[in-house]
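Asks: what's the 3D shape of this:
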Amino acid sequence: MAGNAIKGAAVEALGRWHNEERPARATCQYRPPRTTPLDPETGKSEPNFAYGYVAEVVEAEVDMETGQVRLVKVICADDVGKAVNPQQVQGQIEGAVIQAGGYALMENFIQKEGITLTPTLSTYLIPTILDIPEQVESLILEYPDPIGPYGARGMGEMPYLPLVPAVVSAVHSATGVWFNEFPLTPERVLFRLDPED
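Replies: The predicted structure is shown next:
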């Protein structure tokens, strides 16, 4: 939506510039197509005007003695419409994968009776350089969006969303154990690997 508003304002300002208006200023308010609820008779609706598509594969190692999970490789394929700036798209993918890795493996937010028990960086861990995957392979797929500005579509959160399920699946492949809660802290993983201890 912001991209279409910026594009509209830029086109208008350029027109004013060509008409010798200085400074050439313009505004644009972009209104996306209307969304509609599900029609119970036809089953049709217009739920959203833009969708993003992403798929991820994770290779992980699990230390069976400590429960530590290490991300080795993440392959992240994102349909971004038109990649206006591919280098920034790649950076966005890599940053989101690292942030999501923290969410999946270490960001253990604990609250009890409305009190946060993990309020500092010594109790609420976030990824450091030692925690990032050895390799993040960014696959940028470009299928232009018919509504997006120049065919682009927003992709900011796309790489973030599927990482936890991909990590859980990788840990299951490595250990044979499914997890239905996260983050997969070493303590949580170790307990599920050997619940008798």
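Asks: Tell me how far the residue positioned nearest the centre of the chain lies from residue 102.
Replies: In the chain, the centroid-proximal residue (CA atoms, centre = their mean) is residue 160; its distance is 2.4 Å. Here the criterion is CB to CB, to the nearest Å. By it, residue 160 lies 10 Å from residue 102. (Glycine included, C-beta is placed from N, CA and C.)
Asks: likewise residue 77?
Replies: 21 Å.
Asks: How about residue 65?
Replies: 23 Å.
Asks: Comparing the two, which residue is more hemmed in?
Replies: Remark: of residue 65 and residue 102, residue 102 carries more neighbours, 18 against 9, as counted by other CB atoms under 10 Å.
Asks: Was I right to think the more buried one contacts residue 133?
Replies: No: using CB atoms under 8 Å, residue 102 makes no contact with residue 133, being 11.7 Å away.
Asks: Could you point out which residue ranges in this protein have low pLDDT?
Replies: Scanning the chain for pLDDT under 70 picks out the ranges 195-197.
Asks: quick check: longest helix of it.
Replies: helix 86-105 (DSSP state H).
Asks: Would you mind identifying the next helix or strand past that one?
Replies: Per DSSP states H and E, helix 86-105 leads on to strand 111-112 as the next helix or strand towards the C-terminus.
Asks: Could you name the helices and strands sitting against that next one?
Replies: Contact here means 3 or more CB pairs under 8 Å, 6 or more residues apart in numbering; DSSP states H and E; on that basis strand 111-112 packs against no helix or strand.
Asks: How far does it sit from its chain's centre?
Replies: Mean C-alpha position of strand 111-112 versus that of the full chain (CA atoms, centre = their mean, to the nearest Å) differs by 27 Å.
Asks: Name the strands paired with the next helix or strand along the chain from that strand and say parallel or antiparallel.
Replies: Scanning forward in sequence from strand 111-112 by DSSP H and E, the next helix or strand is strand 115-116. Strand pairing for strand 115-116, using DSSP bridges, gives strand 111-112 (antiparallel).
Asks: what sits up against the strand it pairs with?
Replies: Residues outside strand 111-112 that contact it (CB atoms under 8 Å, 6 or more residues apart in numbering): residue 117.
Asks: any idea where the helices of the chain begin and end?
Replies: 2-18, 86-105, 163-175, 186-193.
Asks: Tabulate the ones you listed in TSV, adding columns for distance to residue 145.
Replies: Output for those, formatted as TSV (distance: least, CB to CB, whole Å):
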stretch	distance to residue 145
helix 2-18	10
helix 86-105	14
helix 163-175	23
helix 186-193	39
